[in-house]
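S.K.: The sequence and its predicted three-dimensional model are supplied below.
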Amino acid sequence: MSKRGYISRYLLILKKLKVKPYSTYEELQTYIENQFDYLQMQDDTLNIGFSKRTLQRDMKEIRNVFGIDIEYSKSNKGYYISQIETENMNFQRMIEAFDMFNSLNLAQDLMPFIHLEKRRPQGTENLYGLLHAIKNRLKIKFTYQKFWEEELSQRLVEPYALKEFKNRWYVLAKDSKDNNIKSFALDRLTNLEITTQSYQYPDNYSIEQSYRYCFGIISPNDEEPQDIILLFNPFQGKYIKTLPLHETQQVLVDNDKETRIKLKLCLTHDLIMELLSFGDNMKVIEPKSLADEIKQAHKNAYKQYDLS
């Protein structure tokens with residue numbers, strides 16, 4: 001069976017156990033066989049071959065490939081994924097991407113009725129190579145062009161992690177030029193070379209901690225996070241509740257007049273740009289420094305249309 005077939009089977013097992021924890025082998029077998037019938041409509045080289053021995057092998061491969069443990073509960077007489085993994089955002093996004101991929105593959109004759117975003121950034125072709133370098137602790141070289149500069153520069157960096165923000169991917173790496181950890185947009189990166197030079201991953205670096213109180217890709221240096229209170233009109237508030245701005249979001253007030261939320265974030269450029277996008281649907285209550293900055297930005301924008 002092709003690599004795609006194996007990966008599809010692994011993801012189907014994970015999807016089934018996410019929806020129905022403690023599934024029996026028979027339930028898994030029935031689900032996978034039914035799903036493979038659909039997959040074979042697009043690729044008739046796929047085959048199922050699912051036995052208890054296959055399940056045990058797949059569980060080991062899922063651990064190796066995705067870092068997810070599947071265990072058997074004697075008391076519940078079924079297989080399950082640990083609660084920690086099912087709450088992991090990467091796990092959720094992986095299942096969503098798999099569903100989207102299969103849905104679009106099975107709907108080729110419906111493509112005239114599916115409209116996808118056409119301004120997709122480039123650079124994702126380097127994801128596999130970057131992951132290989134990160135996993136094996138290998139330095140990378142590439143040519144880089146900043147958004148605001150025409151000049152190209154050659155970089156040698158230690159890649160630590162990958163981060164996605166607004167459909168654009170970044171590699172977080174320590175630059176050999178100044179030993180600072182920076183974000184490099186993959187669509188501004190060319191001529192990627194994975195070197196044979198190894199590096200030691202820093203014990204004190206964690207991408208989760210670095211971006212814990214950060215909105216976007218800009219990671220603050222020594223800035224402390226602040227409590228931010230935002231007021232939205234009821235219409236915009238419905239969207240903010242269903243798609244929170246950040247994991248620290250708390251709803252303070254929610255009625256037919258307003259939705260008021262609290263965030264704990266550093267005041268970065270990405271956050272300010274996001275808040276400005278709400279226009280007059282949002283008002284900053286606290287802190288005053290942020291309210292003043294948003295107010296001044298709106299004034300500057302208004303001046304561009306003042307023809308008097």
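M.R.: Received, thanks.
S.K.: Hmm, residue 145 and residue 151 touching each other?
M.R.: Yes. Counting by Cβ atoms under 8 Å, residue 151 touches residue 145, with 7.4 Å between them. To be clear about C-beta, it is placed using only N, CA and C from the backbone, and glycine gets the same treatment.
S.K.: more crowded one of the two?
M.R.: The neighbour comparison of residue 151 against residue 145 (other Cβ atoms under 10 Å) goes to residue 145, with 15 against 7.
S.K.: Next, give phi and psi for that one.
M.R.: phi -130, psi 120 (degrees, to the nearest 10).
S.K.: max-length strand in this protein?
M.R.: Using DSSP state E, we find that the single longest strand of the chain is strand 152-165.
S.K.: just checking, what packs against it?
M.R.: Strand 152-165 sits against helix 127-135, strand 138-145, strand 168-175, strand 181-185, helix 207-210, with contacts defined as 3 or more Cβ pairs under 8 Å, 6 or more residues apart in numbering; DSSP states H and E.
S.K.: Is it possible to get TSV of the ones you listed that adds distance to residue 30 and mean pLDDT?
M.R.: Output for the helices and strands packed on strand 152-165, formatted as TSV (distance: least, Cβ to Cβ, whole Å; pLDDT from 0 to 100):
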stretch	distance to residue 30	mean pLDDT
helix 127-135	33	87
strand 138-145	43	94
strand 168-175	37	92
strand 181-185	45	92
helix 207-210	38	85
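S.K.: Mind checking the ones you listed for the one nearest to residue 297?
M.R.: Closest to residue 297 of these, according to Cβ to Cβ: strand 168-175, at 22.5 Å.
S.K.: How far away from the center of its chain is the closest one?
M.R.: Taking Cα atoms, centre = their mean, to the nearest Å, one finds the center of strand 168-175 at 14 Å from the center of the full chain.
S.K.: contact partners of it?
M.R.: Outside strand 168-175, the residues that touch it by Cβ atoms under 8 Å, 6 or more residues apart in numbering are 121, 123-124, 127, 130, 140, 155, 157-164, 180-187, 189, 202, 207, 210, 217.
S.K.: Can you tell me which of those are buried?
M.R.: Among these, the ones that count as buried by 16 or more other Cβ atoms under 10 Å are 123, 130, 140, 155, 157-163, 181-182, 184-187, 189, 210, 217.
S.K.: quick one, what contacts residue 237?
M.R.: 254, 258, 259.
S.K.: Likewise for residue 155?
M.R.: Contacts for residue 155 (Cβ under 8 Å, 6+ apart) come out as 141, 142, 143, 144, 175, 176, 177, 184.
S.K.: Of those - the most surrounded one?
M.R.: So for the contacts of residue 155 (other Cβ under 10 Å), the most neighbours sit at residue 142, 23 neighbours.
S.K.: I figured that one was touching residue 191, is that so?
M.R.: Yes. Counting by Cβ under 8 Å, residue 142 touches residue 191, with 5.7 Å between them.
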